[in-house]
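**Student:** need coordinates for the following:
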Amino acid sequence: MTDQASADEKTISVVNEAVQQHGVSRSELIPILKTIMMRLGYISPAVILQLSHKLNLPSTEITSVATFYRMLSTSPRGKHVIQFCESAPCHVVGGNLVWQAITNTLGLQPGETSADNRWTLITTSCLGVCGIGPVMMVDTDLYGNVKPEEVPLILSRYD
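**Tutor:** Below is the predicted model of the structure:
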């Protein structure tokens, strides 16, 4: 194991618990990764190596899954993750102005994390609630029909 991929006790414990909770089937890889994300904040090289051994899957396959889905991340994220829907339905009802308000308020671009590790900003193609666009999600809290002037108030709810 390389230094970059060496696992600490917490990582080993979280991986073991996630595998115990979901099982060792390849079909459980996404739920396992989601559980690990919730506990550790991201999917580290050490997690991928541990899972490769536990699930008997190539690390490249695990990495492919972990990098494909936006709900997962292979780099640390901020305390709060903001997802902004950039789909056409959200765009045509003012999504661009809301997006500008978010980036201006936070000073971040997509995929960036604030220097204080408070925020990570990501875009998504759809949050599944097109009828209430523009839509943004902060952690697991969904906000619909968002107006640009509401962005600072929404963000002020999070420490």
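
**Student:** need the contact list for the nearest residue to residue 26 once chain neighbours are set aside.
**Tutor:** Spatially, and ignoring its direct neighbours in sequence, residue 26 is nearest to residue 57 (6.4 Å; Cβ to Cβ, 6 or more residues apart in numbering). Placement of C-beta: from N, CA and C, glycine included. Neighbouring residues of residue 57 by Cβ atoms under 8 Å, 6 or more residues apart in numbering: 26, 29, 51.

**Student:** rerun that using 10 Å as the cut-off
**Tutor:** 24, 26, 29, 48, 51, 65 (Cβ atoms under 10 Å, 6 or more residues apart in numbering).

**Student:** likewise residue 147?
**Tutor:** So residue 147 contacts 94, 97, 98, 101, 134, 153 (Cβ under 10 Å, 6+ apart).

**Student:** over to the residue nearest to residue 26: give its phi and psi.
**Tutor:** Residue 57 adopts backbone torsions of phi -120, psi 150, taken as degrees, to the nearest 10.

**Student:** now do the SS call for residue 121.
**Tutor:** strand (DSSP: H, G, I helix; E, B strand; the rest coil).

**Student:** oops, could you answer that again for residue 83 instead?
**Tutor:** Going by three-state DSSP: residue 83 is strand.

**Student:** what pairs with it across the strands?
**Tutor:** Counting by DSSP bridges, residue 83 is bridged to residue 122, residue 137.

**Student:** report pLDDT for residue 1.
**Tutor:** Residue 1 is assigned a pLDDT of 42 by the prediction.

**Student:** what is the burial count for residue 104?
**Tutor:** When neighbours are counted by other Cβ atoms under 10 Å, residue 104 registers 12.
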